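Q: The sequence and its predicted three-dimensional model are supplied below.
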Amino acid sequence: MKVFEITGPNVSRVRNVNLKEPGNNEVLIKVRACGICGTDIHMFKGDVKLAEYPIVPGHEFSGEVISVGNNVKDFSEGDRVAVDPNIACGGCYYCKMGMPNFCENWRAIGIHLQGACAEYVLVPQSNVYKIPENLSFEEAAFTEPVSCCVHGQDLLNLKGGESIAIFGLGPIGLIHAQLAKGKGASNIIGVDVVEYRIKFAESKEYFDHVINPRERNVLEEISRITKGKGVDVVIEASGSTDAFETGTKILGLNGKILVFGVAPEDKLATLKPFEIYRKQLSIIGSFINPFTTERALRMLSSGVVQVRDIISHEIELEEIESYYKKIEKKEDNVMKVMVKP
């Protein structure tokens, strides 16, 4: 089979490798669609310490079952499936405490194990989910990012009626906005500096306001929109420490900020502890997707989250490196790039 492989920082190749048969409890999947994620680009640049080179990336994917190993009873040839790429051991302290996302032996397809930027991929049967009939392979490839967003919003415990500011209007910010709207958010404000993302968000009914910080002062605009109260919730989905700092400043009393975007590990942000104390603010982190994959599929199937129009490009394996660079530089109106091996 053909694979796209990152061999080191800023070095990649497409090559042929031997196709392996599924072992016990494994499912061999023909990849039909694989989304490019920001994590893939960080791995290509050498910014992900967990990555082990050489690595075939790709952890947002769907496909068709080709064959199954011994002991696999729930899947058979021809099944349309999506995959949770995060593999927990089930036996460590954190797994036994119901926190598999902090598994001491955590491994992930596309980071530690061969991912889906390939024609085929082997997956443990416990990580495979059947796709509802009304979902395309391309839509089902969003299962992993949607499941991560669902986990983040579970931690926020939204009750409906909240005002929410979302920093970063890429695919993740758009998914968060739709989930929040589905939970009854009363006022959703998008913040981004990329013009084509701003225009895209402005065309969507789930945003009530969209702000470009390069043109308008975010603090002043939020104060105007909320009549000086500040927002109830901030979702930081850009990975920008500047956005994080601004997000804490626009929160109203008893506000919450969800740190969802992945900032560089060595970047620092400045906060005023007194302000956190006086305003009774909550700062919440969110890491991957424990127990939310099935719910993500249901939300995609029901239309609570619609992703088809977020896909801006469909490419082949040989084009991946060039699109990594376009995504990083935010060129060519790139939103979600879908690899079709």
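A: Perfect, I can see it now.
Q: Every contact and neighbour count from this point should use C-alpha atoms.
A: Noted.
Q: Not counting its own residues, what contacts the helix or strand bottoming out on mean pLDDT in the chain?
A: Every helix and strand in the chain was compared by mean pLDDT, DSSP states H and E; the lowest is helix 38-45, with a mean of 94. Helix 38-45 has contacts (C-alpha atoms under 8 Å, 6 or more residues apart in numbering) with 6, 8-12, 48, 51, 57-58, 324, 328.
Q: and the residues you listed, which of them are in helices?
A: Of the positions in the contacts of helix 38-45, 324, 328 sit in helices, assigned by DSSP state H.
Q: Out of the contacts of helix 38-45, which is nearest to Ile283?
A: Of all the contacts of helix 38-45, Val48 has the smallest distance to Ile283: 23.8 Å, by C-alpha to C-alpha.
Q: Count the neighbours of the closest residue in space to the closest one that isn't next to it in sequence for me.
A: Nearest residue to Val48, sequence neighbours excluded (C-alpha to C-alpha, 6 or more residues apart in numbering): His42, at 6.0 Å. Neighbours of His42 under the rule other C-alpha atoms under 10 Å: 18.
Q: what's the spacing between His42 and Gly228?
A: Going from His42 to Gly228 by C-alpha to C-alpha, to the nearest Å gives 38 Å.
Q: same question, Phe142
A: To Gly228, Phe142 is 37 Å away according to C-alpha to C-alpha.
Q: again with Met97
A: From Met97 to Gly228 the distance is 42 Å (C-alpha to C-alpha).
Q: Also Leu155?
A: 26 Å.
Q: Give the residue from Phe142 and Gly228 that has the larger number of neighbours.
A: Neighbour tally, Phe142 and Gly228, criterion other C-alpha under 10 Å: the higher count belongs to Phe142, 30 against 14.
Q: Find me whatever residue is spatially closest to that one, sequence neighbours aside.
A: Closest residue to Phe142 in three dimensions, ignoring its sequence neighbours and counting by C-alpha to C-alpha, 6+ apart: Glu60, at 6.3 Å.
Q: so what's that neighbour up against?
A: Contact partners of Glu60, counting by C-alpha under 8 Å, 6+ apart, are 34-37, 83, 85, 116, 141-145.
Q: got a list of contacts for the longest helix along the chain?
A: Longest among the helix segments of the chain by residue count, using DSSP H, is helix 143-156. Applying C-alpha under 8 Å, 6+ apart, the contact partners of helix 143-156 are 59-61, 82-85, 172, 175-176, 179-180, 256, 258, 260, 284-290, 292-293, 295-297, 300.
Q: quick one: the residue most central in space within the chain from Val3, how far?
A: Against the mean C-alpha coordinate of the chain, by C-alpha atoms, centre = their mean, the closest residue is Pro145 at 3.2 Å. Distance, Pro145 to Val3, using C-alpha to C-alpha: 22 Å.
Q: got it, and Lys96?
A: 36 Å.
Q: Between those two, point out the one with more neighbours.
A: Counted by other C-alpha under 10 Å, Lys96 and Val3 do not tie: Val3 has more neighbours, with 24 against 12.
Q: Could you look up the SS state of the more buried one?
A: strand (DSSP: H, G, I helix; E, B strand; the rest coil).
Q: Please report how far it lies from Val218.
A: Computed as C-alpha to C-alpha, the Val3 to Val218 distance reads 44 Å.
Q: Repeat that for Glu119.
A: Taking C-alpha to C-alpha, one finds Glu119 at 45 Å from Val218.
Q: Among the two, which residue is more densely surrounded?
A: Between Glu119 and Val218, Glu119 has the larger neighbour count (other C-alpha under 10 Å), namely 21 against 18.
Q: residues contacting that one?
A: 1-3, 30-31, 341.
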